[in-house]
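> Have a look; sequence and predicted model below, questions after that.
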Amino acid sequence: MSAPLVLLAAGGTGGHLFPAEALASALQKRGATVDLATDARVAHFKFSARAVHLIPSATLRGTDPFNLVRTAALLALGTAKAWAMLGRVRPTVVVGFGGYPTVPPLWAASLRGIPTVVHEQNGVMGRANRLLAPFVRAIATSFPGALDRERHLLAKATHTGNPVREAVIAAADVSYTPPTDALRLLVFGGSQGARIMADVVPAAIALVPDEVRGRLMIVQQARDEDIARVEDAYGRLGVQASVAPFFPGLPARMAASHLVVSRSGASTVAELAAIGRPAILVPLPHALDQDQRANARVLEQAGGAIRIEQDEFTPQRLATEITALAAAPQRLVAMAQATQACGVPDAAVRLADLVQRVAGLAT
């Protein structure tokens, strides 16, 4: 008997691809073959799949008639190509991870009668998944309240958590210890957030009291064009800092930190929760569905994070928060515990179970 083929469909960013990669690993351990359908951005991402299928798509934005017609035409073309691809590869089940590149494969799969599942990584359902929700057989959620605005879909919903990479699972074994002498600060913002971190964080560190600044050890992501000025700022302050555009092994660095300052993308929040680290979260303000705000709110309401909206993310505000946390190590411990209580380290296993049930491969 040949191995079942599972087709994963995901937008070409880490927020969609990381959980898809974690599910792929879990399914491959169970003997399944995995293919990936996505867009051209995946070229820079090493994804473990038998084959990668590039499907045309477009994001629905605004109400301009020309853009609406163009988007509809690309989605129709993508659906036609996905229909033909599905006829060739004949997957047992198709699983979508959000982003508009998932729409054509999931639409085509539902038209062919192939079992379908979508996974919502964020604390609120995104537009692509809302388009697909009426047609799919099951919806997996990362957070229990993700469908509060779509309660008519609850009968299809299963809370699995957001699958995280094996490196995150390994980092989750590192217990949180409160700062004594050094205070290790990890700062990152992703492709759409690193500049504001470069603008605000060094300026905030200049405002904290000398006794706090002298304890800081900073690891900060910055864009290539910002590295020199960020390094110079920390050098003038006498702060030990490592600044780079990309850090390999970010989960291990997260585990080594006492406090994280970052955006609140779905993967970031899932990794923070799995590892259990206190955070100051700055949601991306212009997201279509305000998903980062919803993600940050989950950890904030649990007591594990401080949420600062971008228009309030000033050097003065950040300096105040860092100073207060540095003086209250037991508060940092409580925040770490609260964050970890939101984590679902076995989310990939839970999602694999759901996928197999929908596909009729397990009871």
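Perfect, I can see it now. Numbering: from 1, shown residues only.
> Tell me where the chain is predicted with low confidence.
Low-confidence segments of the chain, defined by pLDDT under 70: 1, 43-44, 58-63, 66, 191-193, 287-288, 363.
> mind running it again at 80?
The chain contains residues with pLDDT under 80 at 1-2, 12, 14, 40-45, 56-72, 190-194, 286-289, 362-363.
> Dead centre of it: give me the residue that sits there.
residue 267 (2.0 Å; Cα atoms, centre = their mean).
> Could you pull up phi and psi at that residue?
Main-chain torsions, residue 267, degrees, to the nearest 10: phi -70, psi -40.
> list the contacts for it?
With contact taken as Cβ atoms under 8 Å, 6 or more residues apart in numbering, residue 267 is in contact with 14-15, 18-19, 121, 162, 164. C-beta here means a position set from N, CA and C on the backbone, and glycine is covered the same way.
> Using TSV, lay out those residues together with neighbour count and distance to residue 83.
What follows is the contacts of residue 267, written out as TSV (neighbours: other Cβ atoms under 10 Å; distance: Cβ to Cβ, whole Å):
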residue	neighbour count	distance to residue 83
14	18	28
15	22	27
18	25	28
19	30	25
121	30	26
162	30	30
164	27	33
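> Just those: which are in helices?
Using DSSP state H to define helices, the subset of the contacts of residue 267 located there is 14-15, 18-19.
> What is the most widely separated pair among those residues?
In these, the most distant members under the criterion Cβ to Cβ are 14 and 19, with 9.5 Å between them.
> how near is the residue nearest to the centre of the chain to residue 204?
Separation of residue 267 from residue 204 (Cβ to Cβ, to the nearest Å): 25 Å.
> For the stretch 1-150 of the chain, which segments count as strands?
Under the criterion DSSP state E, counting those that start in this stretch, the stretch 1-150 of the chain contains strands at 5-9, 33-38, 51-54, 93-96, 116-120, 138-141.
> Including distance to residue 282 and mean neighbour count, could these go into JSON lines?
As requested, the strands of the stretch 1-150 of the chain are exported to JSON lines (distance: least, Cβ to Cβ, whole Å; neighbours: other Cβ atoms under 10 Å):
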{"stretch": "strand 5-9", "distance to residue 282": "30", "mean neighbour count": "27"}
{"stretch": "strand 33-38", "distance to residue 282": "28", "mean neighbour count": "25"}
{"stretch": "strand 51-54", "distance to residue 282": "33", "mean neighbour count": "16"}
{"stretch": "strand 93-96", "distance to residue 282": "28", "mean neighbour count": "30"}
{"stretch": "strand 116-120", "distance to residue 282": "22", "mean neighbour count": "28"}
{"stretch": "strand 138-141", "distance to residue 282": "24", "mean neighbour count": "25"}
